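Undergrad: Need coordinates for the below:
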Amino acid sequence: MPYRPKKMERQVVGGILRRFRRLPRHRAGPPQDNLGEVVKEPERAQEHCLPKFAGGQHFFEYLLVVSLKKKPSGDNYEPTITYQFPKPAGRGPRLPKVYCIISCIGCFGLFSKILDEVEKRHQISMAVIYPFMQGLREAAFPAPGKTVTLKSFIPDSGTEFISLTRPLDSHLEHVDFTSLLRCLNFEQILQIFASAVLERRIIFLAEGLSILSQCIHAAAALLYPFSWAHTYIPVVPESLLGTVCCPTPFIVGVQMRFRQEVMESPMEEVLLVNLCEGTFLMSVGDEKDILPPKLQDDILESLGQGIKGSQNSEQINEHVSGPFVQFFVKTVGHYASYIKREANGQGCFQERAFYKALTSKANRRFVKKFVKTQLFSLFIQEAEKSKNPPAGYFQQKILEYEEQKKQKKPKEKTVK
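TA: Just a heads-up that it's a prediction; the model follows:
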């Protein structure tokens, strides 16, 4: 399962974890530990992080095995690196292990397939893993939508060809909206989205760690194609409860047993969501007025069309996320037309002309606020560096929307 950093900070690395034992395979549950902090090497991670994730770079920076080693006191265990590629580190005991791939790119399905191959070799010998990872590291990471094929030899099985395809867009990988839908109604989800769009402070309360992790992950995924750029802690440990007093934006999850401590903390402009009861314990009060009324109605109408029992998780994810993607298409989908290119190819965003291009006053008022957020700033900085809009789901929806508008105009003229 993935350790989910999601570009929350400019230089945070992506990761994906798989837990191993000597006998049957066991997949780790939702991310709720600090293994990412153990295996991170800040200087190297920052050195290799790239601003644009095109094809041609390495698949990963490190492969590490983290084992639980008993502390000298004998009372507890601590994670210890026992194996590292490309730098093998000693011959530690074969305890329960976690394999972790550290990468700048969040293609979790692709990395999961790689770890399946690692696990298959783990059952044979640690020595079989090394040549496979060496070949993988020497291969160029495919561009979005492309496939790379690796040749690998396994004793008693012979040579195998492994195809690894990078998805054109991975914004819904490892996202599950089911828990969020069970806990909250559509209007509440819309208010959470509105608060996140303006980068406010949001706290989720729940009993179970998995519910917190899944709901916060789903809430952050609604911001696509934008990425939350502030504090993001799916499960806040007791030692970090002071985070809820932080004056900067955050999205955090707190277990219900700490509810009293949270309620007694001095907090301002916080949306406090009780997932157990499906209620808001605290709010600013204007959450229903942040988004343009017409676009709010469009989102609720789309969500209210219903989810059929026969739909799988991918279809449910598409049903829930689709209206929010369409919201951004209608409000900021014209951004590329307002990036002026210099002779050297560097772009310069024309902010004033961008929001004045909107004919709806309500949409314009919202966008004037939204362009001041870190969400939009980071997005537009990447767009300024890229000469062409990135191919992906969002760009596809923009093109579809523009085509619909072209087809609609002749009909309007005919009616007149």
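
Undergrad: Name the residues of stretch 361-373 that are buried.
TA: For stretch 361-373, the neighbour count (16 or more other Cβ atoms under 10 Å) marks Asn363, Phe366, Val367, Phe370, Val371, Thr373 as buried. (C-beta placed from N, C-alpha, C; glycine too.)

Undergrad: How far off centre is that stretch?
TA: Mean-position distance between stretch 361-373 and its chain equals 24 Å (Cα atoms, centre = their mean, to the nearest Å).

Undergrad: for stretch 224-244, same thing?
TA: On the basis of Cα atoms, centre = their mean, stretch 224-244 sits 13 Å off its chain's mean C-alpha point.

Undergrad: how about the helices in the stretch 1-150 of the chain?
TA: Listed in chain order, the helices of the stretch 1-150 of the chain (DSSP state H, counting those that start in this stretch) span 35-39, 42-48, 108-122, 126-138.

Undergrad: sorry, back to before: so which of the buried residues of stretch 361-373 belong to helices?
TA: Members of the buried residues of stretch 361-373 lying in helices (criterion: DSSP state H): Asn363, Phe366, Val367, Phe370.

Undergrad: Now that the first one has come up, it's in contact with Phe328, right?
TA: Right, the one you point to is Asn363. No: taking contacts as Cβ atoms under 8 Å, Asn363 lies outside contact range of Phe328: 11.4 Å.

Undergrad: So which other helices or strands are in contact with the lengthiest helix in the chain?
TA: As assigned by DSSP H, the longest helix anywhere in the chain is helix 393-415. If you count contacts as 3 or more Cβ pairs under 8 Å, 6 or more residues apart in numbering; DSSP states H and E, helix 393-415 packs onto helix 313-332.

Undergrad: Which SSE is immediately downstream of the helix it packs on?
TA: strand 339-341 (DSSP states H and E).

Undergrad: Show me how far that next one is from its chain's centre.
TA: On Cα atoms, centre = their mean, the centre of strand 339-341 falls 28 Å from that of its chain.

Undergrad: mind listing what it pairs with, with the direction of each?
TA: Strands adjacent to strand 339-341 in the sheet, as given by DSSP bridges, are strand 347-349 (antiparallel).

Undergrad: picking up where we left off before, from the buried residues of stretch 361-373, pick the one nearest Glu269.
TA: Thr373 (14.8 Å; Cβ to Cβ).

Undergrad: ok, the closest one touching Val197?
TA: Yes: with contact defined as Cβ under 8 Å, Thr373 reaches Val197; the gap is 7.4 Å.

Undergrad: Spatially, which two of the ones in helices among the buried residues of stretch 361-373 are the most separated?
TA: Asn363 and Phe370 (10.1 Å).

Undergrad: any residues in contact with both of these two?
TA: Thr331 (Cβ atoms under 8 Å, 6 or more residues apart in numbering).

Undergrad: And the pLDDT at the closest residue in space to Ile129 that isn't next to it in sequence?
TA: Closest residue to Ile129 apart from its sequence neighbours, by Cβ to Cβ, 6 or more residues apart in numbering: Arg121 at 4.7 Å. At Arg121, the model reports a pLDDT of 86.

Undergrad: Next, count neighbours for Arg121.
TA: 19 (other Cβ atoms under 10 Å).

Undergrad: and if you look at Glu277?
TA: Considering only other Cβ under 10 Å, Glu277 is surrounded by 11 other residues.
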